[in-house]
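> my questions are about this predicted structure, shown below with the sequence.
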Amino acid sequence: MMGPEASEEETMIQTNGVDHVVLHVNDVERSKKFYTEILGMTAYREDERQVFLHAGRQGVALFQKPGDRPLAVGNDLNHLALNVASGTYETLKTELEKRGVKVTGRPGEDHCIYFSDPDGHRLQLVIPS
């Protein structure tokens, strides 16, 4: 039990980043193509049912959804926000739309771009200020 009376030898675990977030998808190969070709992530481990991707120092893992139940996106995960190294709202929006991705924004917030992956997971690009 950790509390004020805990000794200095008992150290709380300190996380220092996110290794990966898992998204269930209907088609691993289709989703891999979306995340690598449109969002610039790099696959580093994969098989026919899953692929692990690097997005800078963090990662996203795409797993083939289990069973026959449809995906219930938006219930278990509201959205995944991704930092981008460069670009403006307009240039990033244009690039996504050029690739057939429908883009929405947040009224009054020109540094946030929202869109969905092929399975309907809501994604956000956070543009540096």
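Thanks, I have the structure now. Residues are numbered from 1 along each chain as shown.
> do you know how far the spatially closest residue to Asp27 that is not a sequence neighbour is from Val25?
With Cβ to Cβ, 6 or more residues apart in numbering as the criterion, Asp27 has its nearest non-adjacent residue at 7.3 Å, and that residue is Pro118. Any C-beta I mention is one placed from the backbone N, CA and C, and that applies to glycine too. To Val25, Pro118 is 7 Å away according to Cβ to Cβ, to the nearest Å.
> cool, Gln50 as well?
Relative to Val25, Gln50 is positioned 9 Å away (Cβ to Cβ).
> what's the answer for Ala72, then?
As judged by Cβ to Cβ, Ala72 and Val25 stand 13 Å apart.
> who has more neighbours out of the two?
More neighbours surround Val25 than the other of Ala72 and Val25, with 25 against 11 (other Cβ atoms under 10 Å).
> how about that one, nearest residue that isn't a chain neighbour?
Nearest residue to Val25, sequence neighbours excluded (Cβ to Cβ, 6+ apart): Ser31, at 4.2 Å.
> again with Gly56
Gly56 sits nearest to Asn83 (Cβ to Cβ, 6+ apart), 7.1 Å away.
> same check, this time on Leu80
Counting by Cβ to Cβ, 6+ apart, Leu123 is the residue found nearest to Leu80 once chain neighbours are left out, at 5.4 Å.
> buried residues, the helix or strand where the one you found lies. List them.
Per DSSP states H and E, Leu123 falls inside strand 122-126. By neighbour count on 16 or more other Cβ atoms under 10 Å, the buried set for strand 122-126 is Arg122, Leu123, Gln124, Leu125.
> who's in contact with Tyr44?
Counting by Cβ atoms under 8 Å, 6 or more residues apart in numbering, Tyr44 makes contact with Phe52, Leu53, His54, Gly59.
> just want the angle from the helix or strand where the last one lies to strand 122-126.
According to DSSP H and E, Gly59 maps onto strand 58-64. Relative orientation of strand 58-64 versus strand 122-126 (axes from the mean of the first three to the mean of the last three Cα atoms, to 10 degrees): 160 degrees.
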